[in-house]
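# Output the structure for:
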Amino acid sequence: MLLKFSSFLMLFFGVIICNCQETKNDLRQVMSSKQILPLKFSYSNKQMRNQSSTENYIKSYLSFKQNDIWDSIPIEMKARGNFRRTNCYFPPIKLKIKASKAEGTLFEGYKKMKVVMPCLLQNRSNDDVLKEYLAYQLYELISPAHFKTRLIALEFTDDPNKKMADD
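Numbering: from 1, shown residues only. Here you go, the predicted model:
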């Protein structure tokens, strides 16, 4: 089953600014632009929602556009939280990126990132994500301790054959 949600705008979380340790390739590189970042990844959404342990990761690839060319890096992902996992079609996701695999990409210097997805398969869900994004942008203006956020256009493939990563 192929689900394409390129019209869905999903909230992409980065690192907490107050805890950010900059490297030679400024960690905020991926968050510095306000343009919508096109991303692609696939995983078994059913398996993600039904994970019994939040410690298990699913192996996948994160595809992204860098300099108008599609590139990809291997990642591991897991569902976050309990409420959304049981009550939403899409749970929020945590991405784990190995430093050696992200060298020379937009994601160099990032180890973990969070992705907030619309809860349900409804047009209103995009509106909710945009409202949440705007709330984070407003909070960024008034607080030195905030999350850096960026909107993404995500093309998601539901792949029921994805397996858990070996820990």
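
# Look at the residue located most distally from the centre of the chain and report its pLDDT.
If you look at how far each residue of the chain sits from its centre, by C-alpha atoms, centre = their mean, the farthest one is Ile142, at 24.5 Å. Ile142 carries a pLDDT value of 91.

# what separates it from Tyr136, distance-wise?
The gap separating Ile142 from Tyr136 is 11 Å, by C-beta to C-beta, to the nearest Å. From N, CA and C alone the C-beta is placed, and that goes for glycine too.

# Now for those two: what residues contact both?
Counting by C-beta atoms under 8 Å, 6 or more residues apart in numbering, Ile142 and Tyr136 have no shared contacts at all.

# residue closest to the middle of the chain?
Val115 (2.9 Å).

# gap between it and Asp68?
23 Å.

# Would you map the strands across this protein?
Secondary structure of the chain by DSSP state E: the strands cover 9-16, 37-43, 58-66, 69-79, 93-96, 112-116, 147-158.

# As JSON lines, these with distance to Arg85 and mean pLDDT would be great.
Putting the strands of the chain into JSON lines (distance: least, C-beta to C-beta, whole Å; pLDDT from 0 to 100) gives the following:
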{"stretch": "strand 9-16", "distance to Arg85": "16", "mean pLDDT": "40"}
{"stretch": "strand 37-43", "distance to Arg85": "14", "mean pLDDT": "86"}
{"stretch": "strand 58-66", "distance to Arg85": "13", "mean pLDDT": "89"}
{"stretch": "strand 69-79", "distance to Arg85": "5", "mean pLDDT": "92"}
{"stretch": "strand 93-96", "distance to Arg85": "10", "mean pLDDT": "88"}
{"stretch": "strand 112-116", "distance to Arg85": "13", "mean pLDDT": "86"}
{"stretch": "strand 147-158", "distance to Arg85": "16", "mean pLDDT": "83"}
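
# Distance to Leu130 for those - can I get that in CSV?
As requested, the strands of the chain are arranged in CSV below (distance: least, C-beta to C-beta, whole Å):
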stretch, distance to Leu130
strand 9-16, 6
strand 37-43, 15
strand 58-66, 21
strand 69-79, 22
strand 93-96, 19
strand 112-116, 11
strand 147-158, 8
